[in-house]
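# dropping the sequence and predicted coords here.
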Amino acid sequence: MARPLQDGVEYFPKNTDFYTDDKVRLLRAEFGAKGMYMLDYLLCELYGKNGYFIKWDRNKCFLVSDGAGCGCSPEFISEFVQGCIRCSFFDERVFESFGVLTSAGIQRRYIRMFNGRDYIQMQAEYWLLDCNSRKDVPTSVLNKINFISFKTTENPDKSTENPDKSTENPQSKINKKKEDETKLFDDTLCKPFKQEWDAYIEMRKKIKKPMTDNAKKLAVKKLQELSRGDVDLIKAILNQSIFNSWQGLFQLKKDGDINNGRSNQIKQSSESTRKNIDNVI
């Protein structure tokens, strides 16, 4: 009897220039050799279980810590995952929306590894590739991809047509929903920190990660959560991301982290901001 097909794989390709990639170099500079070990461990976990993603939460963090060993505490692993998101090794939107670690590069490798199968099942909400780009999705793979969605319990669509051309394509529905949500953003919310906000938007454009209106809305919401409404702290958080060319917005780093080679952006914030840092972190 043949073994049932699994979502994961027993091995995955790794390019010889993997460790010279800018994202990997940033992680190595911040987290050292232990970070490189953890990156390899997470990739093995990802490809070996679900094939192209990891569902990430507090429990998963503890399980990875227990499995990895080597002094990799849950606190270190949590910070490392945030670092992966900051440098775009994992996709920020999918993580923020679904608590899932994945990337376009991981998905490209995954669908090519399963090219020999009759169909390849993909979660529509996690999909990051362009079906119209042969670089993303080869012709030999395109007709094998079956999208499933959280919104339906029915069997995956097994149509051989290009998913992007189908009116029932889950990805099209996601894009339409995003377009509808963009109408809700009100830039007057950014007036108290307009200079820093405009600089952050411009920086996102320069790193080729421009923001949609819905992304701006989510960013303002996150700023409010991180700062508890402190305008000076909002400005410092924005300046931190601008200074480091970070795609996302994160809590201000502690002084100890800064001395270990991380951003010194806190020193550029106002004195009132510094007094509130310990209450925020």
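Cool, the structure landed.
# leaving out sequence neighbours, find the closest residue to I111.
V141 (5.0 Å; C-beta to C-beta, 6 or more residues apart in numbering). Placement of C-beta: from N, CA and C, glycine included.
# quick one, helices of this protein?
All helices of the chain, identified by DSSP state H, fall at 22-48, 58-68, 74-86, 92-98, 104-113, 139-142, 170-181, 194-206, 213-227, 231-244, 255-259, 271-280.
# could you list the low-pLDDT ranges of the stretch 51-200 of the chain?
Judged by pLDDT under 70, the stretch 51-200 of the chain has its weakly predicted residues at 152-187.
# rewinding a little: so how far is K135 from the residue nearest to I111?
Per C-beta to C-beta, to the nearest Å, V141 is found 12 Å from K135.
# those two: who's more crowded?
A side-by-side neighbour count of V141 and K135, using other C-beta atoms under 10 Å, places V141 first with 18 against 8.
# surely that one is in contact with D118?
No. Counting by C-beta atoms under 8 Å, V141 stays clear of D118, with 11.6 Å between them.
# just to revisit the earlier point, looking at the helices of the chain, which is buried most?
helix 231-244 (a mean of 21; mean count of other C-beta atoms under 10 Å).
# next, the angle from that helix to helix 213-227.
120 degrees (axes from the mean of the first three to the mean of the last three C-alpha atoms, to 10 degrees).
# and helix 231-244 with helix 22-48, angle?
90 degrees.
# output helix 231-244 as PDB - backbone C-alpha positions only.
The C-alpha coordinates for helix 231-244 follow below in PDB (Å, rounded to 0.1, in the frame of the first residue of the first chain):
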ATOM      1  CA  VAL A 231       3.000  61.200  20.700                       C
ATOM      2  CA  ASP A 232       6.700  61.500  21.500                       C
ATOM      3  CA  LEU A 233       7.000  57.700  21.700                       C
ATOM      4  CA  ILE A 234       5.200  57.400  18.300                       C
ATOM      5  CA  LYS A 235       7.800  59.700  16.800                       C
ATOM      6  CA  ALA A 236      10.700  57.700  18.300                       C
ATOM      7  CA  ILE A 237       9.200  54.400  17.000                       C
ATOM      8  CA  LEU A 238       8.900  55.800  13.500                       C
ATOM      9  CA  ASN A 239      12.400  57.200  13.600                       C
ATOM     10  CA  GLN A 240      13.700  53.800  14.700                       C
ATOM     11  CA  SER A 241      12.200  52.100  11.700                       C
ATOM     12  CA  ILE A 242      13.400  54.900   9.400                       C
ATOM     13  CA  PHE A 243      16.900  54.800  10.700                       C
ATOM     14  CA  ASN A 244      17.200  51.000  10.300                       C
END
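# packing partners of that helix?
Under the contact criterion of 3 or more C-beta pairs under 8 Å, 6 or more residues apart in numbering; DSSP states H and E, helix 231-244 touches helix 194-206, helix 213-227, helix 271-280.
# wait, isn't V24 in contact with N15?
No. Between V24 and N15 there is no contact under C-beta under 8 Å: 10.5 Å.
# how many neighbours does the closest residue in space to F53 that isn't next to it in sequence have?
Residue nearest to F53 in three dimensions, not counting chain neighbours: T102, with 4.0 Å by C-beta to C-beta, 6+ apart. T102 has 25 neighbours, counted by other C-beta under 10 Å.
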